[in-house]
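[1] any chance you can model this:
(chains A and B, ligands or ions: 3)
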Amino acid sequence: MKSPQFEYVRPGSLDQALAILAEHGDEAKVIAGGQSLVPTMNMRLAAPSLLVDLNHVPGLTGIELRGKWLRIGALTRHAEMARSPEVARHAPLLARAAPYIAHAAIRNRGTFGGSLATADPASEWPACCLTLGARIHLASRDGTRVVPAEEFFEGVYQTAIEPHELITHVEVPAATDSMLYGFDELTRRKGDYAIVGLAAQARVGAKGPLKLFRRDDRRLHEVRLGFFGVGETPVLAQRAAAALEGKVLDAEAIQAAQAALADDFEPLSDLYTSSEAKAHMARVLLGRVLNALSGDHSA
Amino acid sequence: MSDTTYELNLTVNGERVSRRVSPRLSLADFLREELHLTGTHVGCEQGACGACTVRHNGDQVRACLMYAVQAEGAEIETVEGLTESGELAALQDAFHRNTALQCGFCTPGMLIAAADLLKHNPKPSREQIRAGLSGNYCRCTGYHAIVDAVAEACGNNEEAAE
Ligand SMILES: Cc1cc2nc3c(=O)[nH]c(=O)nc-3n(C[C@H](O)[C@H](O)[C@H](O)COP(=O)(O)OP(=O)(O)OC[C@H]3O[C@@H](n4cnc5c(N)ncnc54)[C@H](O)[C@@H]3O)c2cc1C
Ligand code: FES
Ligand code: FES
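    Ligands and ions are numbered 1, 2, ... in the order given. So this is what the prediction gives:
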């Protein structure tokens, strides 16, 4: 089907975009990559009367290390994330996740911020942001605010963004030498949204000066396991993570984490996959991802 | 609501084009209906099938998921332009030799996706070819002949039997 009628505006500055949103409220919708919004409009599931095209707003693009954080502009395309040396170096988890998103033609248009704003429960960036403890920066005509990923995703396609607000950029903590990452997902076909997926991070060994004395320390800390495709939002598997805390990653520790996962969540079934099948897949995926945890910049 | 039209200036297959368009007109429909470039096919209009794939400033995109008005100032290349420039010739020959098309509905999108794959990875394995074309549906061939054709076009002599 074709989109319903709408008016179109192409602001040339952030202030202009925010003024338009403040004036039009929920009647207006911003368009970034259009890779979720246009299908929705073509299916007549959305009919905004005004489309505010963000593609010409300066300042929403770019990937840059600022202190201990990597700053990612909301309008950064999935394809740029996949090939950025900064992302590979400072956010290896995101570099690994990028190729799993859709297909090349869609990655050329779809944006990082658009994916977070869409908040599809089966999509990769939201889970990665939750695992990494990202900070999502929002702007409106009234000012700016920062929402931690833990509070940003509220439900299926529901986020903390107010109608007059935009995501301007996202910050993720830059990787350090002691961080390990893992990413994998199960899909029916290459490029599909995940049935179940997992974005994992852990710190290995002692922290700070103690490191000098404990070079062989391979115990895991600050384990974060962000599952997606299992609930209305991405979820951190806290019990499975607790089972790994302070442990060396061996077969026993992995089995304990897999057993603990049953208490973390009961996956929501979907059209094709039952809750039991998803729980099994999540367990298998946890084993695979833990076995492949590494600090590598490309995997 | 009033059907306001907007001015649109862009380059299509190397030629400057100016029109007034309704914002709801997709880039795919603009190419087909306004410019009569019917090699860009329209299947699902949801980004899923890949039949509408064109190049936008050098990168492959879904023409059903862009509004024409968004292509202001852009350079668009379609299967017609890429055929005329000879850029697709080796792939087209290989598709022909390998019977990589039956009805041909998917072919323009397949060719543009394959050319894009080869631009980034000149000698993909068969598995990489399959991954690279995973966003393009073919309802006729069963894909095998398409993978054969792309492998042949890039001189990949890996055993065709999988
Ligand atoms: C065939 C197909 C397969 C796909 N597969 C996957 C997949 O496997 N994994 C995956 O994660 N995604 C997938 N996608 C979706 C794709 O990743 C989208 O790019 C993404 O979900 C939305 O980003 P966008 O920039 O295209 O946003 P748009 O479509 O432009 O916008 C989506 C929504 O976000 C809002 N929005 C956009 N930018 C901002 C901003 N800066 N601030 C506030 N609100 C904003 C819009 O108003 C709109 O409501 C797929 C899409 C298609 C068509
Ligand atoms: S018509 Fe555009 S992807 Fe199917
Ligand atoms: S040849 Fe008919 S769809 Fe591919």
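[2] CA atoms for contacts and neighbours, from now on please.
    Fine.
[3] what about the helices in chain A?
    The residue ranges that make up the helices of chain A, judged by DSSP state H, are A:14-24, A:37-42, A:78-83, A:85-90, A:92-97, A:104-107, A:112-118, A:124-132, A:149-152, A:210-213, A:238-244, A:251-261, A:275-291.
[4] in the fourth one, what's buried?
    Buried residues in helix A:85-90, counting neighbours by 16 or more other CA atoms under 10 Å in any protein chain shown, are found at A:Glu86, A:Val87, A:Ala88, A:Arg89, A:His90.
[5] wait, isn't the first one in contact with A:Arg66?
    Meaning A:Glu86. No. Counting by CA atoms under 8 Å, A:Glu86 sits too far from A:Arg66 to count as a contact (11.3 Å).
[6] domain assignment for chain B?
    B:6-81, B:86-153 (automatic domain parsing).
[7] out of those, nearest to ligand 3?
    Proximity to ligand 3 (CA to the nearest ligand atom) singles out domain B:86-153 among those, at 3.7 Å.
[8] could you say which one of the domains of chain B comes nearest to chain A?
    Checking the domains of chain B against chain A by CA to the nearest CA gives domain B:6-81 as the closest, at 4.4 Å.
[9] distance check, A:Glu80 against A:Ala102.
    14 Å (CA to CA, to the nearest Å).
[10] of the two, who's got more company?
    A count of neighbours by other CA atoms under 10 Å in any protein chain shown puts A:Ala102 above the other of A:Glu80 and A:Ala102, at 23 against 19.
[11] please list which of the buried residues of helix A:85-90 are also close to chain B.
    The subset of the buried residues of helix A:85-90 lying close to chain B, counting by CA under 8 Å from any CA of the partner chain, is empty.
[12] so which of those comes closest to chain B?
    A:Ala88 (17.9 Å).
[13] list the contacts of A:Phe265.
    A:Val230, A:Ala237 (CA atoms under 8 Å, 6 or more residues apart in numbering or on different chains).
[14] and it, what's its pLDDT?
    For A:Phe265, the pLDDT comes out at 95.
[15] cool, A:Gly110 as well?
    98.
[16] and for the closest residue to it other than its chain neighbours, the neighbour number?
    Nearest non-adjacent residue to A:Gly110, counting by CA to CA, 6 or more residues apart in numbering or on different chains: A:Gly33, 4.2 Å away. A:Gly33 has 27 neighbours, counted by other CA under 10 Å.
[17] which pLDDT does the model give A:Gly33?
    pLDDT for A:Gly33: 98.
[18] surely it and A:Arg109 touch.
    Yes. Between A:Gly33 and A:Arg109 there is a contact at 4.7 Å, judged by CA under 8 Å.
[19] so what sits against both of these two?
    Joint contacts of A:Gly33 and A:Arg109 (CA under 8 Å, 6+ apart) are A:Arg77.
[20] is stretch A:187-203 positioned near ligand 1?
    Yes. Contact of stretch A:187-203 with ligand 1 (CA under 6 Å from any ligand atom) involves A:Gly191, A:Asp192, A:Tyr193.
[21] buried ones among the residues you listed?
    For these, a burial check counting by 16+ other CA under 10 Å picks out A:Gly191, A:Asp192, A:Tyr193.
[22] got a list of what the last one touches?
    Contacts for A:Tyr193 were tallied using CA under 8 Å, 6+ apart; they are A:Ile101, A:Ala102, A:Ala122, A:Ser123, A:Thr187.
[23] check the second one too.
    Taking CA under 8 Å, 6+ apart as the definition of contact, the neighbours of A:Asp192 are A:Ile101, A:Ala102.
[24] re earlier: of all the domains of chain B, which lies closest to A:Gly246?
    Nearest to A:Gly246, of all these, is domain B:86-153, at 39.0 Å by CA to CA.
[25] for the record, mean pLDDT for that closest one?
    pLDDT averaged over domain B:86-153 gives 97.
[26] could you do stretch B:13-30 as well?
    Computed over stretch B:13-30, the mean pLDDT rounds to 98.
[27] do the same with stretch A:234-247
    Regarding stretch A:234-247, the rounded mean pLDDT is 97.
[28] which other residues reach it?
    With CA under 8 Å, 6+ apart as the test, stretch A:234-247 has contacts from A:121-122, A:126-127, A:130-131, A:153, A:219-228, A:253-254, A:256-261, A:263-265.
[29] what is the closest residue to A:Pro173 other than its chain neighbours paired to in the beta sheet?
    Closest residue to A:Pro173 apart from its sequence neighbours, by CA to CA, 6+ apart: A:Trp69 at 4.5 Å. Here A:Trp69 sits in beta bridges with A:Arg66, A:Pro173, going by DSSP bridges.
[30] okay, now A:Trp69: neighbour count?
    By other CA under 10 Å, the residues close to A:Trp69 number 18.
[31] return the set of buried residues in stretch B:24-33.
    Across stretch B:24-33, burial judged by 16+ other CA under 10 Å covers B:Arg24, B:Leu25, B:Ser26, B:Leu27, B:Ala28, B:Asp29, B:Phe30, B:Leu31, B:Arg32.
[32] to clarify, my last question referred to stretch B:109-121.
    By neighbour count on 16+ other CA under 10 Å, the buried set for stretch B:109-121 is B:Gly109, B:Met110, B:Leu111, B:Ile112, B:Ala113, B:Ala114, B:Ala115, B:Asp116, B:Leu117, B:Leu118.
[33] and the next element down the chain from the longest helix seen in chain B?
    Assignment by DSSP H gives helix B:107-120 as the longest helix of chain B. Of the helices and strands lying after helix B:107-120 in sequence (DSSP states H and E), the nearest is helix B:126-132.
[34] residues making contact with that following helix?
    By CA under 8 Å, 6+ apart, helix B:126-132 touches A:His103, A:Ala104, A:Lys190, B:Ala113, B:Ala114, B:Leu117, B:Val147, B:Val150, B:Ala151, B:Glu158.
[35] next up, the contacts around A:His103.
    Counted by CA under 8 Å, 6+ apart, A:His103 has contacts A:Gly191, B:Gly132, B:Ser134, B:Gly135.
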